[in-house]
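Peer 1: Make a model of this:
(one chain, ligands or ions: 2)
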Amino acid sequence: MRVLGIETSCDETGVAVYDTALPGPAGLRAHAVYSQIALHAEYGGVVPELASRDHVRKLLPLVRQTLAEAGLATSDIDGVAYTAGPGLVGALLVGAGTARALAWALDVPAVGVHHMEGHLLAPLMEEDPPEPPFVALLVSGGHTQLVAVEAIGRYRLLGETLDDAAGEAFDKTAKLMGLPYPGGPQLAALAEKGTPGAFRFARPMTDRPGLDFSFSGLKTQVLLGWQQSDQSEQTRADIARGFEDAVVDTLAIKCERALDAAGSDTLVIAGGVGANKRLRAKLQAMCAKRGGRACFPRPSLCTDNGAMIAFAGALRLEAGQREGAAVNVTPRWDMAGLPPLAAARDW
Ligand code: KG4
Ligand code: ZN
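Peer 2: Ligands and ions are numbered 1, 2, ... in the order given. Okay, the predicted model is just below:
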C-alpha cells in the first residue's frame, strides 16, 4: 500500500510517500519538509495564524515535489494519512482539509494520525526495527513523555513533564542567553565548545521515586547563572554544556527507571530532542550496559516530518481504520485513547 503522509501540526510542512510493500527504510519512497523557521524567527516563536497561511501556500507544491521525487503519479496513491492532532488547530485544519480532499478526489481511504504516535513509530522505519513491548521516550517541543508500548497502538503513560517539555526548555534557555529562535539545536551546537563541569545545574526530580519530569526550574537556574556571569562567549558555551548535561542526565536516569519498571531493555527515542547527539550517546551507552539497545530514527526523522505520518497512517489503514465523512482535528489529544491496531479492523 502506497500512502501519502501530510504533516502540518506546527511550523513544518511535511509530505512523504511510504510503500508498505518495500521492506524497512526502502519503504520511504520520498519525503520533503519545508520549515517555517525564517517566517517566525522575528517574533521569537510560532505565530499560529502565519503558520496556517504558510501551510496553505506550501502544501500542494510540496505534494507535487514529493510525488515527483518518488516517481509516482497521484493515481499510484492507495491512501492518505494526515496529522489530526495534537497541534495548532488552524495548521492542522490545512493538512486535514487538503488530505481529505485529495483522498476524496482519488477515491482512496484517509486516516487521521496522532502526531506523537507518528514520532513514536518513526524508529520502526529504520533497519532492524524494535518489536513491542518496549519503552518509548518522546521528547519534542511540546511533549516529554515516557510510554510503555505494549503493542503498536497500545500505549500506557508512565510519566510526563509537569511543566516545560525538554525541547521547550532547550528553546527557552537558548532565548534567555540571546540565541535566536528556535534555540534548541543552536544551544546544543554551542555546548560542544563548553567546558564540562564549569557550570553544574540540578537534575530535577531525580532525588525521589517516580517517572515525571520538571524542567522549568532548570531554566531559572540558568537565568541566574547567566545574569551573575561575565556573559562572555565562553561562559555562554559553558552554561550551554552544563544545561545540556543536566537535561541529558535527567532523561537518562528516568529512562533507566522506566525500563526497570516495565521489565524491558529496549528503549525507543523519538521527537525533536532525539536529534541531540549527547542524548543519543548517553542513552545508547545506558541501554548497552544492561544488554539492551536504544533505537532512534535518523536525525531528520526525529524532528517533524511527513514520513512518520505516512508510516503510522499506513499501519492504521492496513488494519482497516478509516475516517468517516466529517473532517475533524483534535488539538489536544491523549495518546492512551488511541484504538489498538489489531482491534482497529473491528471499528
Ligand atoms: O518534534 P519536533 O520537531 O516538534 C514538536 O513536535 O515539538 O521537536 C522540536 C523540538 C524543539 O524544541 C527543538 O529545539 C528541539 O526539538 N531540538 C533539539 C535538537 N534538535 C531539535 N533539542 C536539543 N538538541 C537538538 N539537537
Ligand atoms: Zn513533533
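
Peer 1: Please name the nearest non-neighbouring residue to the closest residue to ligand 1 within the stretch 51-200 of the chain.
Peer 2: Nearest to ligand 1 in the stretch 51-200 of the chain, going by CB to the nearest ligand atom, is Gly184, at a distance of 1.9 Å. The way it works is simple: take the backbone N, C-alpha and C, and place the C-beta from them, glycine included. Spatial nearest neighbour of Gly184, excluding adjacent residues (CB to CB, 6 or more residues apart in numbering): Phe170 at 3.6 Å.

Peer 1: In terms of helices and strands, where is the one you found?
Peer 2: helix 166-176 (DSSP states H and E).

Peer 1: Is that helix in proximity to ligand 1?
Peer 2: Yes: contact of helix 166-176 with ligand 1 (CB under 6 Å from any ligand atom) involves 167-168, 170-171.

Peer 1: how about those, which pair is most distant?
Peer 2: Glu168 and Phe170 (7.3 Å; CB to CB).

Peer 1: Looking at those two, which one has more neighbours?
Peer 2: Taking other CB atoms under 10 Å, Glu168 and Phe170 do not tie; Phe170 has more neighbours (30 against 22).

Peer 1: per-residue pLDDT, the residue of the stretch 51-200 of the chain closest to ligand 1?
Peer 2: pLDDT recorded at Gly184 is 95.

Peer 1: and the gap between it and Asp164?
Peer 2: 12 Å (CB to CB, to the nearest Å).

Peer 1: same deal with Met205?
Peer 2: Counting by CB to CB, the gap from Met205 to Asp164 is 13 Å.

Peer 1: is the helix or strand where Gly90 lies anywhere near ligand 1?
Peer 2: Assigned by DSSP H and E, Gly90 belongs to helix 89-106. No: under the criterion of CB under 6 Å from any ligand atom, helix 89-106 makes no contact with ligand 1; the nearest approach is 11.6 Å.

Peer 1: which strands and helices sit next to that helix?
Peer 2: If contacts are counted by 3 or more CB pairs under 8 Å, 6 or more residues apart in numbering; DSSP states H and E, helix 89-106 sits against strand 2-7, helix 48-70, strand 79-85, strand 110-114.

Peer 1: low pLDDT regions in this protein?
Peer 2: For the chain, the stretches flagged by pLDDT under 70 are 342-347.

Peer 1: So which other helices or strands are in contact with the longest helix seen in it?
Peer 2: Secondary structure of the chain per DSSP state H: the longest helix is helix 233-262. Helix 233-262 sits against strand 134-139, strand 144-151, strand 154-160, helix 166-176, helix 183-191, helix 216-227, helix 277-289, with contacts defined as 3+ CB pairs under 8 Å, 6+ apart.

Peer 1: Compute the inter-axis angle for the longest one and helix 233-262.
Peer 2: Counting by axes from the mean of the first three to the mean of the last three CA atoms, to 10 degrees, helix 277-289 lies at 30 degrees to helix 233-262.

Peer 1: Tabulate the helices and strands packed on helix 89-106 (TSV), appending mean neighbour count and distance to ligand 1.
Peer 2: Formatted as TSV, those follow (neighbours: other CB atoms under 10 Å; distance: least, CB to the nearest ligand atom, whole Å):
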stretch	mean neighbour count	distance to ligand 1
strand 2-7	29	9
helix 48-70	18	12
strand 79-85	28	10
strand 110-114	26	12
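
Peer 1: would you list these in TSV and tack on distance to Ala314?
Peer 2: Compiled in TSV, the helices and strands packed on helix 89-106 are given as follows (distance: least, CB to CB, whole Å):
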stretch	distance to Ala314
strand 2-7	4
helix 48-70	14
strand 79-85	7
strand 110-114	9
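
Peer 1: got TSV for the ones you listed, with distance to ligand 2 too?
Peer 2: Listed next are the helices and strands packed on helix 89-106 as TSV, based on distance: least, CB to the ion, whole Å:
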stretch	distance to ligand 2
strand 2-7	8
helix 48-70	13
strand 79-85	9
strand 110-114	11
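
Peer 1: Output the set of residues of the stretch 1-150 of the chain in proximity to ligand 2.
Peer 2: Proximity of the stretch 1-150 of the chain to ligand 2 (CB under 5 Å from the ion) is limited to residues Ser140.

Peer 1: returning to what we had before: can you pull the residues that touch both of Met205 and Asp164?
Peer 2: Common neighbours of Met205 and Asp164, using CB atoms under 8 Å, 6 or more residues apart in numbering, are Ser214.

Peer 1: which residues does Trp333 contact?
Peer 2: Contact analysis of Trp333 by CB under 8 Å, 6+ apart lists 84-86, 114.

Peer 1: doesn't Lys175 make contact with Gly44?
Peer 2: Yes: Gly44 lies in contact with Lys175 (CB atoms under 8 Å); the separation is 6.6 Å.

Peer 1: So between the two, which is more surrounded?
Peer 2: Shown here are Gly44 and Lys175; by other CB under 10 Å, Lys175 has more neighbours (17 against 13).

Peer 1: can I assume that one is in contact with Gly183?
Peer 2: Yes: the criterion here is CB under 8 Å, and Lys175 meets it with Gly183 at 5.5 Å.

Peer 1: ok, for the spatially most central residue of the chain, nearest residue in space, not its chain neighbours?
Peer 2: Among the residues of the chain, the one closest to the centroid is Gly271, at 2.6 Å (CA atoms, centre = their mean). Closest residue to Gly271 apart from its sequence neighbours, by CB to CB, 6+ apart: Ser140 at 3.5 Å.
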